[in-house]
Structures are given as C-alpha cells and as structure tokens.
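> build me a model from this:
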Amino acid sequence: MTAIKHALQRDIFTPNDERLLSIVNVCKAGKKKKNCFLCATVTTERPVQVRVVKVKKSDKGDFYKRQMAWELRDLTEVDAKDANKENPEFDLHFEKVYRWVASSTAEKNSFISCIWKLNQRYLRKKVEFVNVSSQLLEESVPSGESQSVAGGDEDTLDDYQELNAREEQDIENMMEVCEYAISNAEAFAEKLSRELQVLDGANIQSIMASEKQVNILMQLLDEALTEVDTIEAKLLSYEEMLQSVKEQMDQISQSNRLIQISNTNNGKLLDEIEFLVNYMDLSKGHIRALQEGDLSSPKGIEACINASEALLQCMNVALRPGHDKLVAIKQQQNLFTDLRDVFARRLTNHLNNVFVHQGHDQSSTLSQHTAELTLPKHSPLHRDLLRYAKLMEWLKNTQREKYEGLSRTYVDYMTRLYEREIKDFFEVAKIKMAGTTKEGKGKFATLPRKESALKQETESLHGSSGKLTGSTSSLNKLAVSSSNSRRSQSSSLLDMGNMSASDLDVADRTKFDKIFEQVLSELEPLCLAEQDFISKFFKLQQPPPLAQGENTDESDGLTYARPVSEHRHSISSEKDMVRQMMNKIFQSIETELNSLIALGDKIDSFNSLYMLVKMSHHVWTAENVDPASYLSTTLGNVLVTVKRNFDKCIFGQIKQMEEVKISKKSKVGILPFVTGFEEFAELAETIFRNAERRGDLDKAYVKLIRAVFVNVEKVANESQKTPRDVVMMENFHHIFSTLSRLKISCLEVERKEAKHKYTDHLQSYVINSLGQPLEKLNHFFEGVEARVAQGVREEEVSYQLAFNKQELRKVIKEYPGKEVKKGLDNLYKKVDKHLCEEESLLQVVWHSMQDEFIRQYKHFEGLINRCYPGSGITMDFTIQDMLEYFSSIAQSH
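Numbering: from 1, shown residues only. Below is the predicted model of the structure:
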C-alpha cells in the first residue's frame, strides 16, 4: 500500500499541488468487484481545500487516473455500519449515498480516522459520524497534528510542515511585539536569528555549568546499583520459598480436582438412576390394570387407558447410549413387552366379544323396522364402542397387526349387519313404490304380461342380492293380481297427451318422490355417522405418534425417535383406509340404489325427473360436507345412472314421436305428443324449480322441442284428411301458447319460431281457402293484371276482346250478393270441418278470412276504376254487405 501511495502522490496529486493524507482500497457494495482507491487530499496552497478523490487503475496500462472528486465540505455523514464488530462496509453521504466495501477493516478505520481529523481541523465538526467506535474518534488534535493527520507520511513533508494552533498563536504574539514584523520581514527574520543564537549560547553555558552535578548523579547511581544487587539476592530467596509453596498448592489443586471429578461422576450417576427410575418404572396399579383390569366398566376402562398410556410412555423413552447394556433395563423392557402383549390380547378378545354382543342386540331390533321405511340407528353401538377409542389408538401404536385384525373383524361383521338392514330397507321401499299405483287407482305401471315374466324381471332388479324374502313375494302377488288393469310401464309424451289429468297419476309420482327422498334421507345420516365413528374409533384422522422400535439418530449422546416407512400401512393415506372400510361395509348400497332406480324407471319413466333432482341435491350436499367422502363418491356414481336413465327417457320420447301414426279417416287436430310436451314441461318445471341440475333439463327441452317441430311437419306432410296448413297452424299455435305461458327462458328462440310458423300457415290457409268463392272473378282479374304486365295500358284493357266491359259485367253478374253469401257459408262449414275444437281457432281463422276478402274486394274495385274508368260498373255487393255476411254466418253457427 505504501508503494501505491507514493505512486499516486507522484503521478496524480503532486502535479495538482495536492498532498495525499490517507488511502483505502474499495469496491462498490452489491456489485461485481471493480477495485478502486478513495484518497483524502489537501492542497498545498491557501486557502486549503480538502477533497475525497476516487482513483482507478487504467484498463490499458499500469498507470492510474483520476475518476471523480468530492469536496469534503459536501460530505454530510459517514456511516461505519457497526461500531462493535469488524465490518469492511461503510457509506459516504454526499449529494447521494455512496456504499463502499473496503479491502480490510484496518484500512477502513484508518481512512475514517483521517476524515474525522480533517473534519475537526477544517470543517469545524460539520460531518456527522454514525456507528463509529469511540476509540477512533480522538477528543482533541495533538500538538503534532500536521504529522498525525498526515498518517505517518513524514517522508512527504520534508519540504513543508504545517503549524499547529499553539505555534500559530506564539508567532502572532511575537509579531505583535515587533512593530516592523510585517513591514520589514528581513529585519524581523534577522532579529529572530540573533535571538536564536543568544538562546543557543545560553543553553551551552547551562550544560557546562551542570558537570559537577552530573558527577554527583553518577555516584548516586553507583550506590543505587549496589542496593539493587542486595534486593535481587533477597528476591531470589523469596522465589525459592514461593516455588516450594507452588508445588504444595499444585498437589492440593490436583487433589481437589480429583474430588470434583468424583462428585461430578456421582451426580451424573444419580441423574441416570433418577432418570431410569422415573421413566422406566411402572406402578403396581398400572401393572394390575393391564393384567386383569375390568374392560367392561367405565372405571375399569379409564384405569386401563391410564395404564396403557403409562406403558407406552415407558416403552417410548429415548434411552441414552449404554443404557441398553444394563441388565435391569433389559429386564424392564422384557416386562413392558410382556405386559403389552398380554393387554393387547385381552383388549382384542374383549372388543371381538363386544362386536358380537352388540351385534346381537342390534339384530334383535331389526324386526321393528321391517315394516317401516326407516333404517336402524347405530348410535348406541357407536357410543359404547367409542369408550375404547383411546385403547384402539394405543393398540394402533403398539400392536399394528392386532389393530388391523380388529379393524378387519369390525368391517366383516358390520358388512353382514348392514347388508341385512339395507336389503330389508330397500325391499320395503320397493314394496311402497310398487304399491303407489294400486293405492291410487289399482294400477301398476307396467305393461300386461305373464306372471313368470314379471317375477323374473322383479328378481333381476335386485341384482346380486339373490332371491327376495317374504316382502318380495308380496310384491310379486301385487303385480300379478293387478296385471290385467295396468297402464303402460313407460310413460311418454304420447301417453300424457292421450290421458286425462287423473290418469297422469300426479299423486303416485308425488308419493314416489317422497319415498325416494326418504330413502336418501335415511341413507345419508347412516353413512355419515358410520364414517365419523370409524375415523374416531380407529383414530384415522391424525398421524400416529412415534412408537418403540423405530430407527434412531444419535447426536450429542441423545437418542431421537424417527418414523420409518416399514411401519406405514400399505394404504397410501388414512383417508384411503377410511374409504376402503366404508366401501366394504356399505358395498350393497350402490347396488341396491341402482336396483331401486331401475324399479322406479320401470314404474314410470318420468320418475327419472324426480330422482335426478333429489339425487343431485344430495350429491351437492354431500360434496359440501366432504368431497372425498364415501357418501359423496357413491351418490355421485348413482347420479350417473340416474342421469343416464333421464337421457334414455328423453330419447325414448323422441323415438315415439318419430314412430307416431295418424288416422287417415279423421282430422288430425292437436297431435298427442304436442299435448304431451306441454304436460311434460309443466311437470318438469314443477320438479326442477330451484334445482341444481337445471342445465340438464334445458338440454332435454331443446332436444324435445326440436323433435316436436320436426315431427309436426312430418305429420302435416303425411296428412290426407286435414290440410297441411291447418295441422301446422293448430299445433304451432298450441306450442306457442304453451311456451308463452310457461316462460321457459332456454326455449325463447323456439317460442318465436313457433309463433312465426303459426302466423305463416294461418295466412297461407286463408289465402288458399278464399280463392274458391270468387273463382271466376279471380281468374278474370288475373288475366287483366297479366295484360298490364305485358305492356298494355290500364285504360286500354277494356278494348281487349276477352276483357271488355261486357265480359266484366257477365262475370260480375255471376256473383250476386246472395251467391257470395252462400259461398261464404259453404266456406265456413268447410273451415269448421278442418279445424279441431280443442284449439278454438275457428273465429280467428274466420276473422282473418274476412280481412283477406275485404282486401281482395278493394283490389278488384281498384282494378275496375283504373282499367274501366267511367263505365259505372260495380260489384253487386258492398263492403258493408260483406261484413254483414261474415257476421251473420258466424252467429248462425
């Protein structure tokens, strides 16, 4: 660093009349290291200027260049970052903050010390120093301040040295005494020189006069040396005495150290014994509870729980190194293992007996529920078993095999119990569903068939549950006894269109809806309660605590338990274990639900609407409680089946529309599937009000209405008795009225389309029908319009031979008022014959014909006035006459 300072002084600062006082090697904080030097300098000319200069080594050579300079008076704060710890970072606050990292803390401290001294001398303590050690900040500047500030650079100050404050004061006092000190500097300097020579001479004379005193001083020194020798001899004797004392003290210290080590060892031994006694000892009461405690009484269970927890705590004590070699420890561990095995065996046998006895008590109550649509409550069983939950947790942590064996035993037993209960419950539900029609009006919703076929189908509905019990046979008897009076098993839009309101079995469907809702409402709390019990009883809602036999890590003489993968169950998580247990216990629910849904669909295919809404609601509720629960998963799977039946129902209605046949001998009227769609929509709107699956119904609506449109046109094209326009007009008017009344938002486009088709075909039917009463007159004026279209002027048409005035009068004469009224009367009868009574469109069509007839009449009059001007030819009847004709005909019928 000294060589660099000399080089910088020579190459950079000397040419600028500056002196380098301190230097530090730095780089910018937080950036890629690019080293440079910060230099503290002063000018050699007055007034003195103090600067901090940044110098950087050139990239192209070994010379240095001046990069940036700051005036020290612009410096406001120096932040050393930490006053207590060594930290090479520091900040200089000029117009902005410059953050630096010095190559060493010593260089940083030297540079900050130099800045502090310059601040004291030239800036009158203007700069603030933060986080700087007080040892660096001197209280005052020493007399040789110019040398101190220079930082030991005396070799650079040979030519000039600054005066300190005291020297300046002395010179000023001397100059005040001499009057010509300023006016005649040479005389003043000569005077000072003479006075200096006088002082030097006086000093020499004083030294020569003191020679005698020096001799006396030398004699005193010799005497002092003799005395020192005497003292050294005494000190040597004292040292020998102290050495003897030191040896004795060392022996005493060694003895004390051995005593201290013995005490320490005794204390550690006592701690180890207390540790083993406190944590490896099991009380006699706990041992007695584990060996022969009563597992049937609440007090006995509580004692067993406390004893098992104490045993687990003793077995899980983290032994220190070497403990396992002690015979007493091995004996105690063997005792704990024996107690664990004995108690685990007692607990397993007792819980197996509890399962069996509680099961018998539960089975005895099944007969009370067979005739009712309710499931037995298992809360007493759950309440009794939950008393053993902590013991099950202990068994899970100590005897995993016995714990898993108990869980399998519980699952196997509960599977058989729930299978019987659920089977009986669903058979009652099927009886009630099948009996809804008989209770309403003695009909079962199936097609007439033989008894054997019905029995085979009924048994197939139950799937894997085997042959049915007595309740199933009663279902077969009910089905056979009423087989001759049953209506079709699959309701359709055609059936609904052909039946009266009472035949729609609204009461039966409502009762079916209530039965299905009751089935789901009974199953839901049953599954949730059982899942909650399994989680609590088998402790499957939290990770298991650490147990004996797990791998250990040794650190600083202590042992820590660490779980290993070998002790984990093959199931990926405890939620999966709960789900598997629930799947095994309630394995018959999904099958029975699908069987019940199939029966409901066979009774009435429109029951799928009720089932879709109810099932969707229960799935939504279950997913809100726990999306991954068994109930949510099972109901979701069954919902797929219900949705599939719903779609099949819709496609069945569409297929029946396509297969519809109409009578060739009677008028068509309102098609049965059009009326059926109206009643289907009314029923669906009632069922799906505020339902979660509204989107499925909207899609079904669109499919059905498009099929209705297509098949109405198909029937209209095939109709022989009724004109096509009448079929289209009546049915699309009915569709438009239905959609307007029900206000189904997803069918707004179809509603407008139905209105458009109805209007178009009404107009078409009116025009085609009105062409007949004035047929010759129509043909005559069509010829007139044809001549005008060919280029004949309108006023010259009367000169055409076939269209002269005589021909016009002849044609008009054929249609007197009496004949026109007769023709209109025949037209009314024909229209009345075409239209059906259900839609009541006769007056609407008749009014439209009146408007069209008046329009034609005005059109004919206009042609007469333009083509036969001044001829005085008019029709034999007026508009007022026509209005009276139409009114009287309508009233007479």
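
> contacts for stretch 763-772, please.
Outside of stretch 763-772, the residues within contact range by Cβ atoms under 8 Å, 6 or more residues apart in numbering are 723, 725-726, 729, 778, 823, 827, 830-831, 845, 848-849, 852-853, 856. Yep, even glycine has a C-beta here, placed from its N, CA and C like the rest.

> I should have written stretch 226-243 there, sorry.
Contacts of stretch 226-243 (Cβ under 8 Å, 6+ apart): none.

> kindly report the same for stretch 777-792.
771, 794, 797, 800, 802-803, 807-808, 811-812, 814-815, 856, 859-860, 863, 867.

> and that stretch, how far out from the chain's middle?
Averaging C-alpha positions (Cα atoms, centre = their mean, to the nearest Å) puts stretch 777-792 78 Å from its chain's average.

> now do stretch 49-65
Distance, stretch centre to chain centre, for stretch 49-65: 60 Å (Cα atoms, centre = their mean).

> same deal with stretch 39-51?
That offset, for stretch 39-51, works out to 69 Å (Cα atoms, centre = their mean).

> ok, now stretch 93-105?
Counting by Cα atoms, centre = their mean, stretch 93-105 comes out at 49 Å from the chain centroid.

> quick one: low-confidence parts of the stretch 1-150 of the chain?
Confidence mapping of the stretch 1-150 of the chain against pLDDT under 70 gives the ranges 32-33, 61, 125, 138-150.

> where do the helices of it begin and end?
For the stretch 1-150 of the chain, applying DSSP state H, counting those that start in this stretch gives helices covering 2-8, 105-122, 145-149.

> tell me which of those helices sits most buried.
helix 105-122 (a mean of 20; mean count of other Cβ atoms under 10 Å).

> identify the residues contacting that one?
1, 21-25, 38, 40, 42, 48, 50, 52, 72, 75, 78, 80, 86-88, 90, 102, 125-127, 129, 132-133, 136-138, 141, 145, 148-149, 151.

> may I have it as PDB, with CA atoms only?
The C-alpha atoms that make up helix 105-122 are tabulated as PDB, following Å, rounded to 0.1, in the frame of the first residue of the first chain:
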ATOM      1  CA  THR A 105     -11.400  -3.300   8.300                       C
ATOM      2  CA  ALA A 106      -8.000  -1.700   9.300                       C
ATOM      3  CA  GLU A 107      -7.800   0.300   6.000                       C
ATOM      4  CA  LYS A 108     -11.400   1.500   6.600                       C
ATOM      5  CA  ASN A 109     -10.800   2.600  10.100                       C
ATOM      6  CA  SER A 110      -7.600   4.400   9.100                       C
ATOM      7  CA  PHE A 111      -9.400   6.300   6.400                       C
ATOM      8  CA  ILE A 112     -12.400   7.200   8.600                       C
ATOM      9  CA  SER A 113      -9.900   8.400  11.300                       C
ATOM     10  CA  CYS A 114      -8.200  10.700   8.800                       C
ATOM     11  CA  ILE A 115     -11.600  12.000   7.600                       C
ATOM     12  CA  TRP A 116     -12.500  12.800  11.300                       C
ATOM     13  CA  LYS A 117      -9.300  14.700  11.900                       C
ATOM     14  CA  LEU A 118      -9.700  16.700   8.700                       C
ATOM     15  CA  ASN A 119     -13.300  17.400   9.800                       C
ATOM     16  CA  GLN A 120     -12.100  18.700  13.200                       C
ATOM     17  CA  ARG A 121      -9.400  20.900  11.600                       C
ATOM     18  CA  TYR A 122     -11.100  22.400   8.600                       C
END
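
> work out the gap between it and the centre of the chain.
Distance of helix 105-122 from the chain centroid (Cα atoms, centre = their mean) equals 60 Å.

> so where do the helices sit in the stretch 301-450 of the chain?
Under DSSP H, counting those that start in this stretch, the stretch 301-450 of the chain gives helices at 327-363, 379-385, 389-398, 400-434, 436-441.

> by contact count, what packs against the third one?
Same thing as helix 389-398. Identification of packing neighbours for helix 389-398 by 3 or more Cβ pairs under 8 Å, 6 or more residues apart in numbering; DSSP states H and E yields helix 298-315, helix 327-363, helix 400-434, helix 506-537.

> save these as a markdown table, and put in mean neighbour count, mean pLDDT and distance to K268 too.
What follows is the helices and strands packed on helix 389-398, written out as a markdown table (neighbours: other Cβ atoms under 10 Å; pLDDT from 0 to 100; distance: least, Cβ to Cβ, whole Å):
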| stretch | mean neighbour count | mean pLDDT | distance to K268 |
| --- | --- | --- | --- |
| helix 298-315 | 18 | 88 | 22 |
| helix 327-363 | 15 | 83 | 17 |
| helix 400-434 | 19 | 88 | 37 |
| helix 506-537 | 18 | 86 | 45 |
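
> pipe those into CSV and attach distance to R288 per row.
Shown next, in CSV, are those (distance: least, Cβ to Cβ, whole Å):
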stretch, distance to R288
helix 298-315, 8
helix 327-363, 11
helix 400-434, 22
helix 506-537, 26
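
> contact partners of stretch 852-865?
So stretch 852-865 is contacted by 766-767, 770, 773-774, 777-778, 781, 784-785, 808, 824, 871, 873-875, 879, 882, 886 (Cβ under 8 Å, 6+ apart).

> mind giving me the ChimeraX select for these, buried ones only?
Selecting the buried subset of these in ChimeraX, with 16 or more other Cβ atoms under 10 Å as the burial test, is done by:
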select :766,770,773,774,777,778,781,784,808,824,875,882,886
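
> the helices of the stretch 1-150 of the chain: which one's closest to Q219?
Judged by Cβ to Cβ, the one of these that comes nearest to Q219 is helix 145-149, at 40.3 Å.

> right, and the helix or strand after the closest one?
Downstream of helix 145-149, the first helix or strand assigned by DSSP states H and E is helix 165-177.

> these two touch, right, K423 and S588?
Yes: the pair K423 and S588 passes the contact test of Cβ atoms under 8 Å, sitting 6.7 Å apart.

> next, the buried residues of the lengthiest strand in the chain.
Longest strand in the chain, counting residues (DSSP state E): strand 18-28. Buried residues in strand 18-28, counted by 16+ other Cβ under 10 Å: 18-27.

> now render these as TSV, adding distance to E678.
What follows is those, written out as TSV (distance: Cβ to Cβ, whole Å):
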residue	distance to E678
E18	107
R19	111
L20	107
L21	107
S22	104
I23	102
V24	98
N25	97
V26	93
C27	89
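
> pull the most distant pair out of these.
Put simply, by Cβ to Cβ the two of those set farthest apart are R19 and C27, 25.4 Å from each other.

> highest neighbour count among the contacts of stretch 763-772?
M729 (28 neighbours; other Cβ atoms under 10 Å).

> buried set for the helix or strand harbouring it?
In the assignment (DSSP H and E), M729 maps to helix 724-742. Neighbour counts over helix 724-742 (16+ other Cβ under 10 Å) mark 724-739 as buried.

> ok, now stretch 708-725?
Buried, per 16+ other Cβ under 10 Å, within stretch 708-725: 708-709, 711-713, 715-716, 719, 722-725.

> now the two most distant members of the residues you listed.
So, the buried residues of stretch 708-725 by Cβ to Cβ: farthest apart are V708 and P723, at 20.0 Å.

> thanks a lot, catch you later.
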